[in-house]
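In: Output the structure for:
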Amino acid sequence: MTILVTGATGTVGRQIVAQLVERGEHVRALTRNPEKAAFPAPVEVAYGDLAVPGSLGPALEGVTGLHLITFGGDDYAPLPNGPELVELAAKAGVTRVSVLSGWDETSVEQALRAGEIGWTRLLCVEFMANALEWVGSIREEGVVRVFGNHPGAVVHEADIAAVAVAALVEEGHAGKAYTITGPETLTPAQRVRLIGAAVGREIGFEELTEESYRASMRGWGADDDYIEFAVQLGANPPQMGSVVVPTVEDVTGRRGRTFAQWVAENADKFRS
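Out: Numbers count the residues shown, from 1 in each chain. Just a heads-up that it's a prediction; the model follows:
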């Protein structure tokens, strides 16, 4: 069985590839830049672009399991060509699909729902890896600035991958929509304190006002629509993002990884 992982060089994709290899699966990693993919043997690297379905023929040869993302291109826009992608997968002989999905369905989920391939939808809250956005200000200034200090059940990217891998190699997951969270809720301020403890230095935390947050986004060129979306998300995050659910343990048999574990794995990135 060959499993094709799209988005293979992404935060979750690399974890899926690694965990499939650990299980002895034959893995093919799809990327638009094979020369920069840097996957170790025995991973097979294949060129392809989900936004250009005609590029996927060779990558899909012999594939029975497929991990899909729902966006493409440099702007991460939702893929509009779901029916074409699903048709190609079906013709290739794909029987299992996992989909890393946003909360709003795209053409990919809609096409899978209308088709006959068994598929599993993965719905995730905020990634723990988003804390890497704080690396610059922590290393240069010893401070993190955030708009909105709301608790979130942030999830380790390896746990998302573990659920995806289960859906791709085990029976019983087709037709399921799994909400995946971490095992605890933490505010950004609490996460910053955990990072500080791991790197052995005090890190300041500043909660931005809406005015200063808007100004900072204008400063790096965000358009008005994005600014409005970000402000609303920071001020009123979805309630589902702060509710712990036991999906990781239910699917994999072990408790989800904590943010403290994620920090221990990534502490060097925050050290100056």
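In: List the contacts of Leu4.
Out: 28, 30, 46, 59-60, 63, 65-67 (CB atoms under 8 Å, 6 or more residues apart in numbering). Heads up, the C-betas are built off the backbone N, CA and C, glycines and all.
In: make that Ala177, sorry
Out: So Ala177 contacts 120-121, 123 (CB under 8 Å, 6+ apart).
In: likewise Pro80?
Out: By CB under 8 Å, 6+ apart, the neighbours of Pro80 are Ser107.
In: For my notes, confirm it occurs in a strand.
Out: No. Read with DSSP: H, G, I helix; E, B strand; the rest coil, Pro80 is coil and lies in no strand.
In: gap between it and Met240?
Out: As judged by CB to CB, to the nearest Å, Pro80 and Met240 stand 26 Å apart.
In: Same list (the contacts of Ala177) but as CSV, adding neighbour count and pLDDT.
Out: Shown next, in CSV, are the contacts of Ala177 (neighbours: other CB atoms under 10 Å; pLDDT from 0 to 100):
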residue, neighbour count, pLDDT
Thr120, 24, 98
Arg121, 21, 98
Leu123, 18, 97
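In: buried residues in whichever helix or strand Leu194 is part of?
Out: Per DSSP states H and E, Leu194 falls inside helix 188-199. Across helix 188-199, burial judged by 16 or more other CB atoms under 10 Å covers 188, 190-192, 194-196, 198-199.
In: picking that back up, where neighbours are concerned, which of the contacts of Leu4 has the most?
Out: Highest neighbour count within the contacts of Leu4: His67, with 30 neighbours (other CB atoms under 10 Å).
In: Helix, strand, or coil at the residue nearest the centre of the chain?
Out: Geometric centre of the chain, nearest residue: Val12, 4.7 Å, by CA atoms, centre = their mean. Judged by three-state DSSP, the three-state class of Val12 is helix.
In: what's the pLDDT at it?
Out: Looking at Val12, its pLDDT is 97.
In: Adjacent strands (with direction) for the helix or strand bottoming out on mean pLDDT in the chain?
Out: None of the helices or strands of the chain scores lower by mean pLDDT, DSSP states H and E than strand 71-72, at a mean of 88. Neighbouring strands of strand 71-72 in its sheet, by DSSP bridges, are strand 77-78 (antiparallel).
In: Touching the helix holding Leu194 from outside, list them.
Out: Residues contacting helix 188-199 (CB under 8 Å, 6+ apart): 131, 134, 138, 144, 146, 148-151, 154, 186, 202-203, 205, 207, 259-260, 263-264, 267, 270-271.
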